[in-house]
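In: Requesting a structural model of the entry that follows:
(chains A and B)
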Amino acid sequence: MAIHDKKISRRKFLGLSTGALAGMMFSPGLSTLVRAGSGPVDPVPAGSRQFIASNCAMCVNKCGIIGEVVDGKLRKINPNKKHLKSRGMLCAKGNAGAALPYSSDRLKTPLLRTGERGEGKWKEISWDEAFKYVARNLADLKKEYKNRSTVAFASTEGFQEEFYYYLVNSFGSLNTVRHPTLCLSSNIQGWSSVFGVYPDADLKNAEFVIMLGSDRAQALITPDSVDFQRYKPKGQKLIVLDPRFTETGAKADRWYPVKPRTDQAFVLAMMHVIINENRYDKTFVETYTHGFEQLREMVQEYTPQWAEGKCEIPAAEIVKTAREFADHAPRSVIYPGRRSSFYTHEVYVRQTYAILAAICGCWDTKGGVVPKSSIDLDAHNIVFPFFMETRERMDKEATNLLKDVVPSAVQCPMIGTGLPTDSCAFLSEKDGSWISFREAVLNDNPYPVRGFVCFKQNPVQAVPNTAKTLEMLKKMEFICVIDQQMSDTAWYADIVLPHTTYLEGWDPAHSLSGIWPVVAFRQPMIEKMFNTKTMFEIAGGVIHEMLKIDSLWDDIDPADLTTFKKDIVEDVLDKPIQDFIRHQVKSHPGGWEQLLKEGFFTTEGGRPRYGYTRKPGFRFKTKTGRIEFFNERYKSAGLFPLPKYCEPEVLPEKGEYRFLVGRTAWNTHTSTQNNPYLWEIQKENALWIHTDEAGKMGIRSGDEVIVKSHIGAQRIKAYVTEKIRPDCLFYVNGWGRHSPWMSRVYKTGASEAEILDDVLDSISGSACMHETFVTVTKA
Amino acid sequence: MIHHNRLPVNNCMGDWGQNIVERPAAPDQSHAVVLENCFFFSALLFRYPDDAVYHGIRENLQTFSDFLSAYGGQVPQVPPSEDLQAEYVGLFVNNKGFVPAVPYAAYHIDDGRLMGDSYDRLRQTMAETGFQLDPSVKELEDHLTILLEYAATLVRSVAGSEGADTGGHFEARALVEVTGNYIQPVIEAILPGIDQYATLDFYRIAARALREFIRDTAGIYEIIPGFPENAWSKKAE
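Out: Numbers count the residues shown, from 1 in each chain, chains lettered A, B, ... in the order given. Below is the predicted model:
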C-alpha cells in the first residue's frame, strides 16, 4: 500500500457532498452487532485448554482421536492411544481433519440454485425455507408419479447415515444406492457364500499372510494397517501379489507381479497342492464344511503348471507358497481385504480365497480369518409407515436390464446359463448397484426416477463413466445434496444443504465390529461455526415440513401416522441427540460416561473374540448351515456353485493396457484432495508406466501423456517406473476434476471416473474397475 | 501492493502511525456522521444481499454516489436481486472447490485458516469496546461486512466521546486497528479475485471504492471530533 499523505488523502472525503450523507441514518434492523452494556462483554476465554475424545471421519475407519482445543479452537488432532481399533495410530488424513472446520471452502449456509444446473448461480436461504423446499418437492414428485420410489436416495457410510435413513424411510422410497458396489460388494458376497459372513483377518497373530491386490500400507484399514507393520508377531511372513510394486509389496517377504485378473488361478493351484498333498485340515473340513468332494474334483485341473501359464508366477513358487500356508495353518491368513470392485468374476475370486482359508482350518481362531464380533446397542423401537405408493427398487424390478444395457456383464463364459438378465443375482436391498441403478434410471426401466437426494456421496466423480452420471442427473426434476463441501455432484443440485463437520456436532453411537469390537461415537470439540446442521437435525426439519403436507400421508394407515409422529418425531427427532445416544448405551453401565471421556468403550476387557462359530450347534448363515465349498444358493440361482476358473472375456488389444486403480494413504477417494495439508503431500497424480513401454514411445518421467479409453481421455504427467507390469497403467484417483472451480485439482493430473468403463459384476452388482483398457500417447 | 501476511499484527497501528503531523483545525461533527455512514454503507455492499440489504443498497445508492464515484471511479448499476445474490455467493460464500474472494480477515492475516490468532484479538477488541456479534447471526466476527459495521460503530463512539475525560482513546485505537490491520488486508487481498471472477461490475466497483477509501482513512480519522492525537501510538491510553 502506498502510504498516502494525510492531507491529500482526506481531500476526496472532504469533497463529498455531506448534506445528504450527514443527514441519513441506517435502519437499526440492518445491524449485525449488539452493544452489550458499557463494559466488556462475552470475554474471549484465555488460556483454556481441553482434550476432547472422539472418532475420526476422514475415511471409513473411525479411528480414535483426541482434539486439543485451546480457547475454543481446535489446535491439533492427536491419536487416541487407548483406542483398540486404531491402536493409537492416526494417519495424515486424520491429522489433516483439523483443517476442515477452518476451511474457507466449506459449505456455510443452505444454497438454492437460481440459474441453470451446473451454472453456479445460487442464493442463500434459511433452513426453514430449505426444509419447506425439500418437502414440497418430495410431495410434488409423489403426486406426479404416484410412486415414492421415483425419488432415489444415495449415501455413503457414516454415523449420521442412520438419520438419513430416517428421512428415506419417512418418504418411503425403496431406491437407495450406497457406496459398497463401488467398493467391496463382491468381497462380501464371495466370502459370505462360503462362511455366511464377511470376516476380518487377525494380522496381529498370523504367522503367514497372503495379500492379493490389497495395499494395506497405502489403503489404510485399521487395525490391519497397523497390525501388519507394527504389531505383527516375530517371523510373520508376508506374500504379496499385485501387478504394482506397492508400498505393501515393498514390505513383503515375496512380491509376485501377478498378471491382472489371474489371482484366482494362483489360489486354485494352491488348493490343488494342499488337497492333493493331504495338507488340509481334515478334522475341520469334516466337522464344519459342505461340498469338499466336489471341490477336490474341481481343483484337479488347476495344477501349478497350469496356473503358471495364467498368472505368470512360476509353478515352484506356487507350490512353495501353498505348503507354507498349510504348514502355518491355522495361523495363516489369506487376506479378505476390502475394496474388490475389480473384475466381472470377482465374487468367484473371493469365494476361492475363502475356501482356501476353510480347507486349512484358518477360521475363527487366533491368527486366522475371524468372523466379526460386535457389541450390542439398545435400538430405538421404531417402525416406519408402510406406504402403498411404493414400487420395488428399480434395479430389481427392471427387465432385461443386464442383458440389454450392460452386455459386458453377461459375457463371462463360466457364469453360463442361468445368469440373471434382469437384476443382479444377489443385489443388496439397501446398497443397490450403482452401475445397474444408473442404467435403469437412464432408460426409465421399469419406471421413471425423477428425484435424487444425495448424502455425502459424490457419484459424479466416484462412479465410473462420469458422462453417464451427468446424463442421469439431467433426468432429475429435483436434486438435493447434503454435504460439507461443494462437491462435483452438489454443483449440479437444485439445493445444497451444508452438513456440520464431525468436529462440531454429535454423532450417534455405533458398534464397530471386528475381532476387537468397540462402541464409538462423536462429540463436538468446538462450537459450530456456520449455519450448518447435522443429518439428525436435517431429517427432523424436513420431516416436520413433510407432516404439514397431507398428500404425503394419504397412502398409509392413519394409525401408522399417529405412531410415526409419536415414536419417531416426538420421541427421537424432537429430543436432543444426546438422549438418543444415552438410550443406545443404556445396557452398558458407565458407557455414556466412558464415551464422553474416551470416545469409545469396549466390553470383556477388550479381549479379542475367537471361536463362537466353532461351538457345537452353531449354524452358519448358508443354505446348509455349514461352511459351503459348494454353494447351494448359487446352484439354485443357476450360477456355478464352485469357483471354477473364469477366463477373461475380453483381453487388451495390441497397444492397449489394462488400467488399474488404487489409493494413497493420504487421500480418501475424491473427497480430500482440496484439504490444504494433504495437498501439500501430493499436488497431482501421475501415470505409472513401465520403463520398457515408456522407452518404446520415448516417454520420460514428467512428460505429458494422453490416456484414452473408449469412455474418454485424460491428460497427465508420466511416472516411468519398473514398479508396474509392462501390460498395465495406473494412476490414483482424485485429480483432474472437470470443474474449473476445483482450484487445487483442476487441470492437475487426471480423473479416474472419466475414463473408467462401466462394467458390472452381475452377481454382487459391483462395478469392475480393472476391466478398462486404455492406450497412451505422448501429448 | 501490501504484503498483508507480514503486517505486524501485534502492533495495532501497523504502518499507519507514520507521517501524522497535523490535525485539522476545526473538527466537524457532520464529518464523523458521514464517515460512519460511509462505513455502514460499505458494510451493506459486502453483506449478503437478502431483501433487506438489497433494498438498503438500492435506496441509498444515489446518496452515496459521490462516495462511489470518488473512490471507485463510477457508480455501479445494481443488478437484479437474484443476479446479485448469485454473484455474492459465487465470489464470497461458496463456489466449486474454492472461494474466489474469502471475506474473512484471519484467512488473509494468518495462515489461510479461518479463526486464527488475529480472529481472537479482534473478538477481544470487540468485547473490550462493548460490542459483540448478534447471537442470531451465524457468521464470524472477522467477515468483511461485520468489520465495516464495527468500524462504523467505532466512529460513532469516538465522535460521541468528545469532551469526555477518557476521550474515546480506546475506541479510536480500535478503529485504527480494525481498519488498518483487518479491513485493509482483506480488501487488498480479495480485490484481484473479485476482478478475475466477478461476472458483473457491481462488486468490482464496490471493492475498488472500498480499497481506495480504506487507504485514505488514516487521514480522514484526524477530522473526527474527539479523535485523540495519540491514537496512533500503541502506548496510548
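In: how about the strands in chain B?
Out: For chain B, the strands defined by DSSP state E cover B:131-133.
In: longest helix in the chain, by residue count?
Out: Went with chain A since none was named. helix A:127-145 (DSSP state H).
In: actually chain B
Out: helix B:202-220.
In: Just give me how far that one sits from the chain centre.
Out: 9 Å (C-alpha atoms, centre = their mean, to the nearest Å).
In: Please see if that helix touches chain A.
Out: Yes. For helix B:202-220, a contact with chain A is found by C-beta under 8 Å from any C-beta of the partner chain, at B:212-213, B:215-216, B:218-220. The C-beta positions use only the backbone N, C-alpha and C, and glycine is treated the same way.
In: Mind checking what secondary structure residue A:116 has?
Out: coil (DSSP: H, G, I helix; E, B strand; the rest coil).
In: between the residues of helix B:202-220 next to chain A, which has the most around it?
Out: Compared across those, residue B:218 has the highest neighbour count, 28 neighbours, by other C-beta atoms under 10 Å in any protein chain shown.
In: pretty sure it contacts residue A:9?
Out: Yes. In this structure, residue B:218 is within contact of residue A:9 by C-beta atoms under 8 Å, at 6.6 Å.
In: Show me where the stretch 51-200 of chain A has its strands.
Out: A:64-70, A:73-79, A:111-113, A:122-124, A:151-155, A:176-178, A:200-201 (DSSP state E, counting those that start in this stretch).
In: Including mean neighbour count and distance to chain B, could those strands go into a markdown table?
Out: Shown next, in a markdown table, are those (neighbours: other C-beta atoms under 10 Å in any protein chain shown; distance: least, C-beta to the nearest C-beta, whole Å):
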| stretch | mean neighbour count | distance to chain B |
| --- | --- | --- |
| strand A:64-70 | 22 | 10 |
| strand A:73-79 | 18 | 6 |
| strand A:111-113 | 22 | 6 |
| strand A:122-124 | 23 | 4 |
| strand A:151-155 | 25 | 19 |
| strand A:176-178 | 25 | 23 |
| strand A:200-201 | 24 | 36 |
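In: just for chain B, where's the confidence low?
Out: Within chain B, the segments meeting pLDDT under 70 span B:1-28, B:161-167, B:229-230, B:232-237.
In: which residues sit in contact with the residue most central in space within chain B?
Out: When C-alpha atoms, centre = their mean is applied to chain B, the residue found nearest the centroid is residue B:148 (3.4 Å). Counting by C-beta atoms under 8 Å, 6 or more residues apart in numbering or on different chains, residue B:148 touches B:39-40, B:42-43, B:46, B:183, B:210.
In: can you list the residues you listed in TSV and add distance to residue B:155 and neighbour count?
Out: Formatted as TSV, the contacts of residue B:148 follow (distance: C-beta to C-beta, whole Å; neighbours: other C-beta atoms under 10 Å in any protein chain shown):
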residue	distance to residue B:155	neighbour count
B:39	6	28
B:40	9	24
B:42	12	29
B:43	12	28
B:46	17	28
B:183	13	26
B:210	15	28
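In: Tell me the buried residues in the longest strand anywhere in chain A?
Out: The longest strand of chain A (DSSP E) is strand A:713-721. For strand A:713-721, burial by neighbour count (16 or more other C-beta atoms under 10 Å in any protein chain shown) applies to A:714, A:716-721.
In: same question, stretch A:648-662
Out: Applying 16+ other C-beta under 10 Å to stretch A:648-662 flags A:648-649, A:652, A:656-662 as buried.
In: ends of it, how far apart?
Out: End-to-end distance for stretch A:648-662: 21 Å, by C-alpha to C-alpha, to the nearest Å.
In: Distance from it to the middle of the chain?
Out: 25 Å.
In: now it: mean pLDDT?
Out: Across stretch A:648-662, pLDDT averages out at 89.
In: Using the three-state scheme, assign residue A:521.
Out: Per three-state DSSP, residue A:521 ends up strand.
In: on that earlier part again, so what touches the longest strand of chain A?
Out: Counting by C-beta under 8 Å, 6+ apart, A:684-691, A:694, A:699-708, A:731, A:736, A:749-751, A:754-755, A:779 sit against strand A:713-721.
In: From those, keep the buried residues only.
Out: Judged by 16+ other C-beta under 10 Å, buried ones among these: A:684-690, A:694, A:699, A:703, A:705-708, A:731, A:736, A:749-751, A:754-755.
In: gap between residue A:440 and chain B?
Out: 28 Å (C-beta to the nearest C-beta, to the nearest Å).
In: Okay, residue A:66 and residue A:728: tell me how far apart.
Out: Distance, residue A:66 to residue A:728, by C-beta to C-beta, to the nearest Å: 41 Å.
In: Count the neighbours of the closest residue to chain B within the stretch 251-400 of chain A for me.
Out: Per C-beta to the nearest C-beta, residue A:339 is where the stretch 251-400 of chain A lies closest to chain B, at 25.3 Å. For residue A:339, the count of nearby residues is 21 (other C-beta under 10 Å).
In: pretty sure it belongs to a helix, no?
Out: No. Assigned with three-state DSSP, residue A:339 falls outside any helix and is coil.
In: My understanding was that it contacts residue A:183; is that so?
Out: Yes. Using C-beta under 8 Å, residue A:339 is in contact with residue A:183, at 5.1 Å.
In: between the buried residues of strand A:713-721, which is nearest chain B?
Out: Closest approach between those and chain B, by C-beta to the nearest C-beta: residue A:714, at 18.1 Å.
In: what are the bridge partners for that closest one, then?
Out: With DSSP bridges as the criterion, residue A:714 is bridged to residue A:707.
In: cool, and the one 10 residues further on?
Out: On the basis of DSSP bridges, residue A:724 is bridged to residue A:244.
In: The residue of the stretch 251-400 of chain A closest to chain B: what's it in contact with?
Out: By C-beta under 8 Å, 6+ apart, the contact set of residue A:339 is A:183-184, A:187, A:219, A:663.
In: Just the pLDDT at residue A:417, thanks.
Out: Per-residue pLDDT puts residue A:417 at 52.
In: any idea how far residue A:105 is from the residue of the stretch 551-700 of chain A found nearest chain B?
Out: Closest contact between the stretch 551-700 of chain A and chain B, by C-beta to the nearest C-beta, is at residue A:674 (5.7 Å). Taking C-beta to C-beta as the measure, residue A:674 falls 6 Å from residue A:105.
In: Give the residue from these two that has the larger number of neighbours.
Out: Shown here are residue A:674 and residue A:105; by other C-beta under 10 Å, residue A:105 has more neighbours (24 against 21).
In: Leaving out chain neighbours, which residue sits closest to that one?
Out: residue B:98 (5.4 Å; C-beta to C-beta, 6 or more residues apart in numbering or on different chains).
In: and if you look at residue B:91?
Out: Closest to residue B:91 by C-beta to C-beta, 6+ apart is residue B:101, at 4.8 Å.
In: can you count the residues close to the one you found?
Out: Neighbours of residue B:101 (other C-beta under 10 Å): 27.
In: ok, now residue A:475?
Out: So residue A:475, with other C-beta under 10 Å, has 14 neighbours.
In: check contacts around it.
Out: Counted by C-beta under 8 Å, 6+ apart, residue A:475 has contacts A:441-442, A:448-450.
In: Equivalent analysis for residue A:754, please.
Out: Counting by C-beta under 8 Å, 6+ apart, residue A:754 has contacts A:466-467, A:711-712, A:714, A:736, A:738.
In: does it count as helix, strand or coil?
Out: Following three-state DSSP, we place residue A:754 in the coil state.
In: Now it: phi and psi?
Out: phi -80, psi -10 (degrees, to the nearest 10).
In: follow-up on the earlier one: which pair of the buried residues of stretch A:648-662 spans the longest distance?
Out: Maximum pairwise distance in the buried residues of stretch A:648-662, criterion C-beta to C-beta, is 23.1 Å, between A:649 and A:662.
In: Now do the contacts for residue B:77.
Out: Shown in contact with residue B:77 (C-beta under 8 Å, 6+ apart): B:201-202.
In: about what we covered before: next one: the residue nearest to the centre of chain B relative to residue B:154, how far apart?
Out: 11 Å.
In: Brilliant, that's me finished.
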